[in-house]
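*Asks:* okay, structure incoming, though there's no sequence with it:
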């Protein structure tokens, strides 16, 4: 699944898998591991001193990594420190910067003027449009299933296609993603890649403390919640998604907000601060913010980042549409197969592309209905139900056939109506292909949609 798309071209990576810039855990060792495996990684440098940014960038370059990013958050950073961070990033020639929370057009302009690619993570369509107008070259659509700080209130399966339709720049999906199936569905919804945080938080190279990693491994689906309890060092009204713990059970306790529960060097860590447990910390880790996205139930072990990334790649594999059906179109004595498609009544390539685009609109309507039906009722479940995996695989598999043909928009017509429309369309179209590509794939798809055979195409 070495995907060539606009996001990968801008980032300079082979695979559309991005390591989130998690403040603290995403350090040079983890970014380098993801990069070497073909993905793209962000250093999480939120409120970190310029000296640490310089040291982590130097480590990455010493490891041979030239394409990487730095994540900073202007709204959560003292203005003087933010200015020093930006000066350092520009002086170091950092290729990509990711920004989050309140939009600061001046920061975007300053980074763009220095030749830096700017990515903005947003939680709504309005924010996406504003970020694009400000100059962001890639938008990250963050669903409310995300771990850590959560900007919006919309589930990813709703927000992502809305943002894709609204902006012209590439869009990455984020929020509770943990598996190859998640990447596949994100791509089927229009994303050109996906951002993974929690999945890599438990990597052996992550700078997260072993206590945090073990809690992720032990967690089950539904074990996360959104809360504003962990708020120190951030603007007000900033919910975070964490693992449920004894701290989150009792609700806010203002009288305890000044209690010191740990330290990082000489810096005290207070109860209800936004600090998550790191290898450089000591103290009561269980009382700290144990960030986790809703896909945490898919994490079953602490493993190397490359192994995690490879599992995502394998889980998102589709294989190309068959270039050759293996069926002879005519006997050797008949030269009809050498005639043009119009002569034989076979559709020309542009008509094939248009028909596949119309089919994809039906399949996407089915996928939207499936994801809505399988959505978590309390908002704490994984972003995508696994019921959508097979549909997403077909959508991603067939998408290259459309070329530049636009995919029509379908109203929310429901699963059964969309399925019947797709079956009827294929019933009329497949016989016209005379066994030419992609007839074999479409015939299998029609039988599956008509509930006559297994759902998956056979991968090469």
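*Replies:* Nice, I can see it. It should be emphasised that the depicted structure is a prediction, and the values quoted were computed from it without experimental measurement.
*Asks:* what ranges do the strands span in the stretch 1-150 of the chain?
*Replies:* For the stretch 1-150 of the chain, applying DSSP state E, counting those that start in this stretch gives strands covering 17-19, 40-44, 69-71, 96-99, 117-122, 138-142, 148-149.
*Asks:* who does the most centrally placed residue in the chain form a beta bridge with?
*Replies:* With distances taken as C-alpha atoms, centre = their mean, the residue of the chain nearest its centroid is residue 194 (2.1 Å). Beta bridges link residue 194 to residue 17, residue 173 when assigned by DSSP bridges.
*Asks:* is it true that it touches residue 181?
*Replies:* No. Residue 194 is not in contact with residue 181 according to C-beta atoms under 8 Å; the separation is 10.9 Å. Using the backbone N, CA and C atoms, a C-beta is placed for each residue, glycine as well.
*Asks:* can you give me the neighbour number for residue 102?
*Replies:* 12 (other C-beta atoms under 10 Å).
*Asks:* now it: closest residue in space, sequence neighbours ignored.
*Replies:* Excluding the flanking residues, the one nearest residue 102 by C-beta to C-beta, 6 or more residues apart in numbering is residue 75, at 4.2 Å.
*Asks:* got a pLDDT number for the residue nearest to the centre of the chain?
*Replies:* Per-residue pLDDT puts residue 194 at 98.
*Asks:* contact partners for it?
*Replies:* Taking C-beta atoms under 8 Å, 6 or more residues apart in numbering as the criterion, residue 194 is in contact with 16-18, 172-174, 177, 182-183, 186-187.
*Asks:* can I get the residues you listed in TSV with distance to residue 420, pLDDT and neighbour count?
*Replies:* Compiled in TSV, the contacts of residue 194 are given as follows (distance: C-beta to C-beta, whole Å; pLDDT from 0 to 100; neighbours: other C-beta atoms under 10 Å):
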residue	distance to residue 420	pLDDT	neighbour count
16	33	97	30
17	36	98	31
18	38	98	30
172	34	98	26
173	29	98	33
174	34	98	30
177	31	98	34
182	28	97	29
183	29	98	28
186	27	98	31
187	25	97	24
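*Asks:* and the residues you listed, which is closest to residue 289?
*Replies:* Proximity of the contacts of residue 194 to residue 289, judged by C-beta to C-beta, is greatest for residue 174, which lies at 18.3 Å.
*Asks:* any idea of the mean pLDDT for stretch 99-107?
*Replies:* 96.
*Asks:* stretch 401-421 too?
*Replies:* Rounded mean pLDDT across stretch 401-421 is 85.
*Asks:* got a list of contacts for it?
*Replies:* In contact with stretch 401-421 (C-beta under 8 Å, 6+ apart) are residues 165, 321, 349-350, 352-354, 356-358, 360-366, 368-370, 373, 438, 449.
*Asks:* got the phi and psi for residue 404?
*Replies:* When read as degrees, to the nearest 10, the backbone of residue 404 gives phi -100, psi 10.
*Asks:* can I get the buried part of the contacts of stretch 401-421 as one ChimeraX selection?
*Replies:* Applying 16 or more other C-beta atoms under 10 Å to those leaves a buried subset, and the ChimeraX line that selects it is:
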select :321,352,353,354,356,357,358,360,361,362,363,364,365,366,368,369,370,438,449
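*Asks:* could I get the phi/psi values of residue 380?
*Replies:* phi -100, psi 10.
*Asks:* quickly note the distance from it to residue 219.
*Replies:* Counting by C-beta to C-beta, to the nearest Å, the separation of residue 380 from residue 219 is 11 Å.
*Asks:* list the residues that contact both of these two?
*Replies:* With C-beta under 8 Å, 6+ apart, residue 380 and residue 219 have no common neighbours.
*Asks:* domain ranges for this protein?
*Replies:* For the chain, automatic domain parsing gives the domain ranges 6-209+295-315, 336-449.
*Asks:* didn't residue 303 look like it was pressed against residue 201?
*Replies:* No. At 11.8 Å, residue 303 and residue 201 do not qualify as touching, with contact defined as C-beta under 8 Å.
*Asks:* longest helix anywhere in the chain?
*Replies:* In the chain, assigned by DSSP state H, the helix with the most residues is helix 349-374.
*Asks:* which elements pack onto the helix or strand just after it?
*Replies:* Scanning forward in sequence from helix 349-374 by DSSP states H and E, the next helix or strand is helix 389-398. The contact analysis (3 or more C-beta pairs under 8 Å, 6 or more residues apart in numbering; DSSP states H and E) places helix 389-398 against helix 180-188, helix 349-374, helix 439-449.
*Asks:* how does it look with 6 Å?
*Replies:* helix 180-188, helix 349-374 (3 or more C-beta pairs under 6 Å, 6 or more residues apart in numbering; DSSP states H and E).
*Asks:* in the protein, where is pLDDT below threshold?
*Replies:* Along the chain, the parts satisfying pLDDT under 70 run over 1-4, 251-257, 320-345, 452-460.
*Asks:* ok, now how distant is the residue nearest to residue 246 when sequence neighbours are not counted from residue 88?
*Replies:* In this structure, residue 246 finds its nearest non-sequential neighbour in residue 286, 7.0 Å apart by C-beta to C-beta, 6+ apart. Residue 286 is 34 Å from residue 88, where distance means C-beta to C-beta.
*Asks:* next one: residue 237
*Replies:* Residue 237 is 30 Å from residue 88, by C-beta to C-beta.
*Asks:* same deal with residue 32?
*Replies:* Residue 32 is 20 Å from residue 88, by C-beta to C-beta.
*Asks:* on that earlier part again, more neighbours, residue 303 and residue 201?
*Replies:* residue 201 (30 against 16).
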